[in-house]
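> Take a look and give me a structure for this.
(3 chains)
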Amino acid sequence: MEKITNHPFFIEALNVQLGFQPRSPLSDKPISFQLKRGLITGLIGPNGAGKSTLINALVTGQSIIRGKLLCYGIEKNRVSKKDSSNLISILPQEPTFPRELRVKHFLELAFLPSTGLLKPLPSVESEQFELELNTLSLKPLLNKYLKQLSSGERQRVFLARALLQKPRGLLLDEPTNHLDPKATSDFWQIIQICKNQFAIDILVSSHDISLLKKECDWILAIKDGALFFDGTTDDFFRSDITEKLYA
Amino acid sequence: MAGGLCKASEKLVTTSPSMTELVFQLGYGNTIVATSQMSDFPDEAKTLPRIGTLFQPSLEKILGFAPNWVLIDGESSPSDFESDLKNLNINSLRVSIRSIKDLFDESKRILKTIFKQQSFEFVDNQLNHLLKEIGSTPSDFSFLIFAWSSPPILVGHNTFLSDLLSQFGGRNLLGDKIKATYPQVADEWIIKHPPQFVFVIADSEQQLNEIRTSSNQWWPKDKPKVIFLPSSDFARTSFTALKNFNRIRSQIP
Amino acid sequence: MTFKKKYVVFIISAALILWALPFIGSENLSFQAVWKSSGQYALDHRILWSLRIPRLILVLTVGASLAVLGASYQVVFNNVLAEPYILGVSSGVTLGLVVAETFFDLRSGTPQNIAVGLLFAGLVVMLFLLSYQWRSGRGLEKIVLFGMGLNFVFSSLLFLVLSYRSQSLGAGSIRWLFGHIPWLNTSQSLIFLLINLTFLSGLWAMGRLIDGLTLGDSVAYTFGFSPAKIRGLLFLLTSLQLTLITSITGAIGFIGLVVPHCVRLLFHPGSTRLLFIISALVGALFLGVSDSLSRTLLPPLEFPIGVITTLLGGPLFLALLWKK
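Reported below is the predicted structural model:
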């Protein structure tokens, strides 16, 4: 765990070629990049470019035909089960959830990997989680059923679940797709807190260009399975790359 | 059998092994042009063409034989069969044999309706013979007839086989309140009603042995006598069962 | 009603029902037969202790197991229509038993039944594993369809065999389709109970892993779980248990589908483990009551238990949905 904590990079790609079948990679051009710690990186690209494949590859270790994809210097298949949940957590694109569950029981699922088989799951209402609950203003929602929440509230709950894993890094796959502007801006406020207060490294995949421009420090752009841009947000928006990306 | 085969111009289709055998026994076997699957008694019936299974006779095939009468076994044919035949202008006679009395009455009805017979010598002889046999039987014994052991499926009161045994002095413990012909009965009722005799109607010795084993399990103390009634000898509602029962009778003291 | 009160009411009614069940059946037993075994009480005593008690053990075990199996599939497939027979294992086993009875003269000997059951279940599982669909989360729908396909094939083969031998043999073979509670003695019932308890404990232990699956495969990976392995292990265990049950009692429908639903609607359990425990209890009681009813509706007739579970379960379920 020590090595992980001190590793200088969040995510590294070393000549990676992604694809679903061994002989047909998404692109002939291998991807290489290194994402620094302490930043919010935006992942951008047209649909089908390979954004979800990349995120999926990070999380599962699958779909990597060539090269290495590392999180905190380790490949996915070399991470021990114990360390997995503290490494990165993900808020997937269309999260599935058991509809009949109360918010507090749903949140307690975050403790699954760290609780022994015979021990009870810690209660999310205990003091050690006060900070996360308050940041996300979840206290009034704890006893409600998931299906009773608005989509904005639900997204906050999903994010809370991801944070309660106490991860070093956070992956967000199109998190504000279905949210109204107010919910979206609330959500991004919380992300900024994650970066600044909780010191979590963040990778966000999104189509919302104006938001990425406002909130991200770094941009990773993928087109046709290959790396299209890897640099600061300012550099990205200074040029006409955006048009070329979506051409 | 009635002496020799009677000459008749009818063309008959029978829909069950029981009906086939009965018609042969009444002396009109040569009028049958086709019959159902499994009609293997008497031997002459084995070569008859088939028109389908017991529960699903084929109208098409029946038509193909151009019969003028179809003899329907009420125990197994589908309920709309008669009206289907009527629509095709084929005469049919539905026969239901649920007791010994039915056997005699329906035999006479068949002879009268289909073959236009006025006297029933054969049938009356059989009846007299039967009455003589019954006269010399013991007065009373209790029985249960099993068709299957697990789950226990019994033969009900309202059946030919049960009535046959009753005529010879037996008392079906299942009683006449239960109208079902092959009821599945709870083990606990069976335990509480040990009969003197257990009859097993089955195809094979193996089924017989199963019921013997079950019998020991149900009534370990009473140990009723188990008597095998092979299906080939007793399942059909015809005079064969009467004849064969005489063989069995010696096992009932 | 508050949460805790609901549980208390449930536990008390469960205990009462459980206590009453051995005394309900087609024959009225005198109460003293519980401890007196001689003379006029001999038969009653025997019925109570040698027939009804082992039968109750068997019935409660099967009811609990089917309910938990159904619950596990409903969670893993994230589908409210999932139930234990969805993979085609049970219809494969039933087909095997009917074929063995019809063509190979296999009789009611329990060890042989289990062997035949395992054989056919093995065939099904093999077909299933070969289809490879169980690996990915997106393949779950395909698994359901594949299982449905298997069910169709096996059912039609089954009816073909049954109509081939439409006479007394068919009557006995029908028991596999509608369920039948055989008379096992006390030690056999207890062995059956123990084996199933072992399986159920395994499922309970997997409860947390299954919970992880409900968040989606990607989240499960971040937990360090392997969704494919979890699903694979779950299908293997449940198929084995289902084979054992089906080779003894045939296919008893409805419990695996309806009980977990009712439990969810009434109790809103906060975890899969709790869902399993409550489903086991409710399933056991439900089948226990169904079995007693099958012998008391029209004594001394005994209706096949699968018929009763459907008759009871359907309206109950609708009533519950109506209320909500």
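
> drop to CA atoms for contacts and neighbour counts, all remaining ones
OK.

> how many neighbours does residue A:209 have?
Counted with other Cα atoms under 10 Å in any protein chain shown, the neighbours of residue A:209 add up to 12.

> got the CA coordinates for stretch B:236-244 in CSV?
Extracted C-alpha coordinates of stretch B:236-244, given in CSV (Å, rounded to 0.1, in the frame of the first residue of the first chain):
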residue,chain,number,x,y,z
ARG,B,236,-59.7,-54.7,-20.0
THR,B,237,-63.4,-54.4,-19.3
SER,B,238,-64.4,-57.7,-21.0
PHE,B,239,-65.3,-61.3,-20.1
THR,B,240,-61.6,-62.1,-19.8
ALA,B,241,-61.4,-60.5,-16.4
LEU,B,242,-64.3,-62.7,-15.2
LYS,B,243,-62.6,-65.8,-16.4
ASN,B,244,-59.2,-64.9,-15.0
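
> quick one: that stretch near chain C?
No - shown here: stretch B:236-244 not in contact with chain C (Cα under 8 Å from any Cα of the partner chain), separated by at least 12.1 Å.

> Run through the residues of chain C sitting next to chain A.
Contact residues (Cα under 8 Å from any Cα) of chain C with chain A: C:78, C:205, C:208-209, C:211-212, C:214-216, C:218-219, C:221-225, C:264, C:268-271.

> what about burial for those residues, which qualify?
With burial judged by 16 or more other Cα atoms under 10 Å in any protein chain shown, the buried subset of the residues of chain C next to chain A is C:78, C:208-209, C:211-212, C:214-216, C:218-219, C:221-225, C:264, C:268-271.

> in chain A, which residue is closest to the centre?
In chain A, the residue lying closest to the centroid (Cα atoms, centre = their mean) is residue A:171, at 0.7 Å.

> Quick one: distance of the helix or strand where that one lies to the chain centre.
Assigned by DSSP states H and E, residue A:171 belongs to strand A:169-173. Mean C-alpha position of strand A:169-173 versus that of the full chain (Cα atoms, centre = their mean, to the nearest Å) differs by 1 Å.

> ditto for stretch B:10-20
Centroid separation between stretch B:10-20 and its chain, computed with Cα atoms, centre = their mean, is 14 Å.

> Okay, now that stretch: how far is its last residue from its first?
In stretch B:10-20, first residue to last residue: 14 Å (Cα to Cα, to the nearest Å).

> At the geometric centre of chain C, which residue sits there?
Central residue of chain C (Cα atoms, centre = their mean): residue C:66, 2.7 Å from the mean position.

> that older thread, now, the buried ones among the residues of chain C next to chain A that are in helices?
Using DSSP state H, the subset of those located in helices is C:208-209, C:211-212, C:214, C:218-219, C:221-222, C:264.

> Low-confidence stretches in the chain?
In the absence of a named chain, chain A is used. Applying pLDDT under 70 to chain A flags the ranges A:1-5.

> was after chain C, sorry
Across chain C, residues meeting the criterion (pLDDT under 70) sit at C:1-3, C:105-112, C:126, C:129-139, C:164-172, C:324.

> Can you pull the residues of it lying near chain B?
Counting by Cα under 8 Å from any Cα, the residues of chain C lying close to chain B are C:26-27, C:43, C:47, C:51, C:108, C:168, C:172, C:175, C:180, C:182, C:295, C:299-303.

> What ranges does chain A have for its helices?
Here chain A has its helices, by DSSP H, at A:2-6, A:51-60, A:81-87, A:103-108, A:130-135, A:151-164, A:181-196, A:209-215, A:233-238, A:241-245.

> and what of the stretch 101-250 of chain B?
Assigned by DSSP state H, counting those that start in this stretch, the helices in the stretch 101-250 of chain B fall at B:121-135, B:160-167, B:187-192, B:205-218, B:231-234, B:239-249.

> and the last one, what does it pack onto?
Contact partners of helix B:239-249 among helices and strands, from 3 or more Cα pairs under 8 Å, 6 or more residues apart in numbering or on different chains; DSSP states H and E: helix B:231-234.

> which of the residues in the helix it packs on are buried?
Neighbour-count burial for helix B:231-234, counted by 16+ other Cα under 10 Å, picks out B:231, B:233-234.

> same check, this time on stretch A:139-156
Neighbour-count burial for stretch A:139-156 [16+ other Cα under 10 Å]: A:141-142, A:145-146, A:151-156.

> do stretch B:69-83 as well
Under 16+ other Cα under 10 Å, the buried positions of stretch B:69-83 are B:69-75, B:77, B:81-82.

> Quick check: residue B:187 touching residue B:152?
Yes - counting by Cα atoms under 8 Å, residue B:187 touches residue B:152, with 7.1 Å between them.

> rewinding a little: now narrow the buried residues of helix B:231-234 to whatever sits close to chain C.
Near chain C, taking Cα under 8 Å from any Cα as the test, no member of the buried residues of helix B:231-234 is found.
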